[in-house]
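Asker: Next input, structure requested:
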Amino acid sequence: MNKRFLGFFLLVGLLMAAFSSHAAPNPDAVLGVWKNGEGTGMVQIYKKAGKYYGRIVWLKVANNPDGTPRTDVNNPDESKRKTPLKGLENMRSFTHDGENKWENGNIYDPKNGSDYSCEMTLTDSNTLEVRGFIGVSLFGRTDVWKRQVKK
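Answerer: Residues are numbered from 1 along each chain as shown. Got it, this is the predicted structure:
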């Protein structure tokens, strides 16, 4: 009988330890500076009005050959083509779903001037999968970003 109680309490203790070490999802875990998979740019993800946004904070090639800052030359809106890429808000309106995932956002690609639906998944504390797509997530592309700086 004592062995049964000991076994039971040991099992309960192990279960409690397992559940207490599994922390609740942190919606702000995505905040920080992230380098894209190509290593050509860094995006700072920040929070405003309860949603998550990103802006370009570093470019491997920050200037044109003439020394002027690179601008959003591929933007379909001509009035925005002189906007500097550094500082450009290229990620908008993500919401956290509770499982290391941020959804319902958009990402703008200044390389081609296109805007895509987007979702992000934090696979570990320093790796972020960013998936841009048109229509459904099945038809898209995933880029793996690496954390550079927290918050």
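
Asker: Please tell me I have it right and residue 92 contacts residue 53.
Answerer: Yes. Counting by C-beta atoms under 8 Å, residue 92 touches residue 53, with 5.6 Å between them. C-beta here means a position set from N, CA and C on the backbone, and glycine is covered the same way.

Asker: More neighbours: which of these two?
Answerer: residue 53 (19 against 16; other C-beta atoms under 10 Å).

Asker: Show me what the helix or strand encompassing that one is packed up against.
Answerer: Per DSSP states H and E: residue 53 is located in strand 51-59. Under the contact definition 3 or more C-beta pairs under 8 Å, 6 or more residues apart in numbering; DSSP states H and E, strand 51-59 sits against strand 32-35, strand 41-48, strand 89-96, strand 101-109.

Asker: helices or strands up against the last one?
Answerer: Contact partners of strand 101-109 among helices and strands, from 3+ C-beta pairs under 8 Å, 6+ apart: strand 51-59, strand 89-96, strand 114-124, strand 127-133.

Asker: buried ones in the first one?
Answerer: If I follow you right, that is strand 51-59. Within strand 51-59, the residues that qualify as buried are 52-57, 59, counting by 16 or more other C-beta atoms under 10 Å.

Asker: quick revisit: quick one: the strand holding residue 53 to strand 127-133, angle?
Answerer: For strand 51-59 against strand 127-133, the angle by axes from the mean of the first three to the mean of the last three C-alpha atoms, to 10 degrees is 100 degrees.

Asker: sec struct for residue 79, please.
Answerer: Secondary structure for residue 79, judged by DSSP: H, G, I helix; E, B strand; the rest coil, is helix.

Asker: That one: how many residues sit nearby?
Answerer: If we define neighbours as other C-beta under 10 Å, then residue 79 has 7 of them.

Asker: ditto for residue 88
Answerer: Residues near residue 88, counting by other C-beta under 10 Å: 21.

Asker: Kindly report the same for residue 136.
Answerer: 8.

Asker: tell me which element it falls in.
Answerer: Residue 136 belongs to no helix or strand, assigned by DSSP H and E.

Asker: out of everything not next to it in sequence, what's closest to residue 113?
Answerer: Leaving aside its sequence neighbours, residue 113 sits nearest to residue 74 (C-beta to C-beta, 6 or more residues apart in numbering; 3.6 Å).
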